[in-house]
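In: let's see this in three dimensions:
(one chain, ligands or ions: 1)
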Amino acid sequence: MSLLEIDGVTKRFGGLVAVDDVSFDVNRGEIVGLIGPNGSGKSTVFNCIMSIYKVTDGSIHFDENDITDHQTHEVVNSGLSRVSQESNPITAMSVAGNIQLFTLPNSLFSLRGGASEAEIYEYAARVDIEDKLQEMPDELPHADIRRLEIAKALATEPDLLLLDEPFAGMNQAEITELAETFRAFSEAGITMVIVDHNMGGLMDLVDRAVVLNNGEKLMEGTPDEVTSDERVQKAYLGTAEES
Ligand SMILES: Nc1ncnc2c1ncn2[C@@H]1O[C@H](COP(=O)(O)OP(=O)(O)OP(=O)(O)O)[C@@H](O)[C@H]1O
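Out: Predicted coordinates for the structure are as follows:
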């Protein structure tokens, strides 16, 4: 049984079909790339998984439980966490305070009670910002703000981490370092789905990739199968090279 099962998910916004009957599975321990040109529906799939959007049709199972349209805090409590494309730290709180917030119980029924200083240090250390815990978010360079967003997601102790364009705006050295960080997460037992509109470095990191185009699943396969597929090359023609 797969850890995450997306089955026939469709999401319409009025007349626009942003995600069209998409199905794919993610197995425990995998790093899966969810790729496709701009506007192909990648972030919308993540928003459906996290119940930020209600699906128009289809179902989503996590760890054998149907989580379709559950409340977002229930989805997080079940072991899923998402790092979105936008960073939104609370600027009036330190890095440590921002991480701490995500360890607090987010429903009456949560068993978690907030993390100790040592645990917050550990979340920060996993993304190499442990020496910045007392800094304020607006003092941080872009790459560290992105790392803080990942530390916040780690603080919810996810089994599955959804990462939306985690490498955006980073230089090559930062990308290489972050890819190493994700490999360490994987070794620590975290399953990951990583969205990127560019195939570039992602293909060295992932075990498998699912390709979306115009809201539909074009194909899925190993990095080699995906990069050599003519349909994928055609979908990317004139878009991947620009970004
Ligand atoms: N809240 C919304 N209301 C209306 N349309 C939306 C909404 N969210 C997404 N869309 C539309 O759905 C389509 C898919 O968008 P989505 O952001 O999922 O694509 P994406 O593959 O993540 O793109 P990018 O790589 O640019 O982030 C686009 O046409 C987008 O304009």
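In: now Asp224: how far from Arg126?
Out: 30 Å (CB to CB, to the nearest Å). C-beta coordinates here come from the backbone N, C-alpha and C atoms, glycine included.
In: so which of those two has more stuff around it?
Out: Between Asp224 and Arg126, Arg126 has the larger neighbour count (other CB atoms under 10 Å), namely 18 against 9.
In: quick one, helices of this structure?
Out: 42-49, 72-77, 95-101, 117-125, 142-154, 172-187, 202-205, 223-227, 230-236 (DSSP state H).
In: just checking, what packs against the first one?
Out: Counting contacts by 3 or more CB pairs under 8 Å, 6 or more residues apart in numbering; DSSP states H and E, helix 42-49 packs against strand 4-13, strand 16-26, strand 31-35, strand 80-83, strand 160-164, strand 191-196.
In: so who does Asp2 touch?
Out: Let me fix one detail, which is that residue 2 is Ser and not Asp. Each residue near Ser2 by CB atoms under 8 Å, 6 or more residues apart in numbering is listed here: Asp25, Val26, Asn27, Arg28.
In: ok, 7 Å please
Out: Taking CB atoms under 7 Å, 6 or more residues apart in numbering, we find Ser2 in contact with Asp25, Val26, Asn27.
In: around the ligand, pick out the residues from this structure.
Out: Residues of the chain that fall close to the ligand, judged by CB under 6 Å from any ligand atom: Phe13, Leu16, Ala18, Gly36, Asn38, Gly39, Ser40, Gly41, Lys42, Ser43, Thr44, His197.
In: tell me what the closest residue to the fourth one other than its chain neighbours is bridged to.
Out: Read it as Gly36. Closest residue to Gly36 apart from its sequence neighbours, by CB to CB, 6 or more residues apart in numbering: Leu212 at 3.6 Å. When bridges are called by DSSP bridges, Leu212 pairs up with Lys217.
In: now do Leu212 against Tyr236, distance only.
Out: Using CB to CB, Leu212 is found at 12 Å from Tyr236.
In: ok, these two, which is more surrounded?
Out: Leu212 (27 against 19).
In: among the residues of the chain next to the ligand, which ones are buried?
Out: For those, a burial check counting by 16 or more other CB atoms under 10 Å picks out Ala18, Gly36, Ser40, Gly41, Lys42, Ser43, Thr44, His197.
In: quick one: contacts for the fifth one?
Out: So that's Lys42. Going by CB under 7 Å, 6+ apart, Lys42 touches Leu34, Gly36, Val195, Leu212.
In: from the residues of the chain next to the ligand, which single one is nearest Leu218?
Out: Gly36 (7.3 Å; CB to CB).
In: re earlier: got CSV for the residues of the chain next to the ligand, with distance to Glu174 and pLDDT too?
Out: Shown next, in CSV, are those (distance: CB to CB, whole Å; pLDDT from 0 to 100):
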residue, distance to Glu174, pLDDT
Phe13, 34, 96
Leu16, 34, 96
Ala18, 30, 97
Gly36, 24, 92
Asn38, 22, 89
Gly39, 26, 92
Ser40, 25, 94
Gly41, 27, 96
Lys42, 21, 96
Ser43, 22, 96
Thr44, 27, 97
His197, 18, 80
